[in-house]
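[1] Sequence below, structure please.
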Amino acid sequence: MTAPRGLRRAGWAVTTALAAVTALLGARYFTLDPDTFLPEQRAVYLAHLAPLLLHIGGGVLALLLGPWQFLPRLRTRRPAVHRFVGRAYLVSALVAGVGGLLLAPRALVAPIAPIGFALLAVLLLVTSAAAYATARRREFARHRIWTTRSYALILAAVTLRLWLVFFGALGVSFEPAYASAAWTSWLINLLVAELLVAGAGATVARVEVRGDASAGRVGPGGGDVS
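    Now for the predicted structure:
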């Protein structure tokens, strides 16, 4: 069962706003001002600026571009714009994944956080590559599924910050909050993505069955905002 249209629109708006705020916060890193870096990682970031800027640059663009891929009106009325934005998003996501994979071994609270962030980077690369491959094969239903998973992993940047703020407000020290966020920031998002994918798949299947029934034939069955 899919969510009502109004709820989907509200969810899209909130997600887009949070992604934009997170992207703006991340973009400050391009000033190369050490005071904008995470204090606990300042020395590591200064020593590894290239992968840091790859990760931040790709992540900022992917955060900003991702939501527009889920607008059916853009896809149907402006397909060329949809394809351009989609390609730019996928390149950005892949760049963010490569940068993240290079930075992951240097994360705090080893080995818990480095392993969590490395898995996040690998999954981001895999889901983004799958989104591209299914689009090339014109398997658009599967393409939307993989794009949903890819963007859910990009949104780990949002979830991670909310997680740290929440547990900081509860008085939890930084290291345990950070170590847990290295996993929960993307596991929670993937769970939500799978629920959205399952709901969308069920709706597509019902529509196809009804269409086949009204046409007098039997055929096989299949998180947008409308």
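
[2] all helices of this protein, in order?
    5-27, 42-47, 49-65, 72-77, 79-103, 112-136, 140-154, 156-169, 174-214 (DSSP state H).

[3] Let me know which of those helices is the nearest to D33.
    Evaluated over the helices of the chain, closeness to D33 peaks at helix 42-47, with 10.5 Å, by C-beta to C-beta. Every residue, glycine included, has its C-beta placed from N, CA and C.

[4] Now that closest one: buried residues?
    For helix 42-47, burial by neighbour count (16 or more other C-beta atoms under 10 Å) applies to Y45.

[5] mind showing which ranges of the protein have poor pLDDT?
    1-3, 200-226 (pLDDT under 70).

[6] if you set the cut-off to 90 instead, what comes out?
    Filtered on pLDDT under 90, the chain yields the residue ranges 1-9, 38, 40, 73, 75, 199-226.

[7] Which of the helices of the chain has the highest mean neighbour count?
    Stretch with highest mean neighbour count among those: helix 140-154 (a mean of 22; mean count of other C-beta atoms under 10 Å).

[8] Could the C-alpha coordinates of that helix be exported in PDB?
    The C-alpha atoms that make up helix 140-154 are tabulated as PDB, following Å, rounded to 0.1, in the frame of the first residue of the first chain:
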ATOM      1  CA  PHE A 140      12.800   2.000 -16.100                       C
ATOM      2  CA  ALA A 141      10.900   0.400 -13.200                       C
ATOM      3  CA  ARG A 142      14.200  -1.200 -12.000                       C
ATOM      4  CA  HIS A 143      16.000   2.000 -12.700                       C
ATOM      5  CA  ARG A 144      13.700   3.900 -10.300                       C
ATOM      6  CA  ILE A 145      14.200   1.200  -7.600                       C
ATOM      7  CA  TRP A 146      18.000   1.400  -7.800                       C
ATOM      8  CA  THR A 147      17.900   5.200  -7.900                       C
ATOM      9  CA  THR A 148      15.800   5.200  -4.700                       C
ATOM     10  CA  ARG A 149      18.400   3.000  -3.000                       C
ATOM     11  CA  SER A 150      21.200   5.200  -4.200                       C
ATOM     12  CA  TYR A 151      19.600   8.400  -3.000                       C
ATOM     13  CA  ALA A 152      18.700   6.800   0.300                       C
ATOM     14  CA  LEU A 153      22.500   6.100   0.800                       C
ATOM     15  CA  ILE A 154      23.300   9.700  -0.200                       C
END
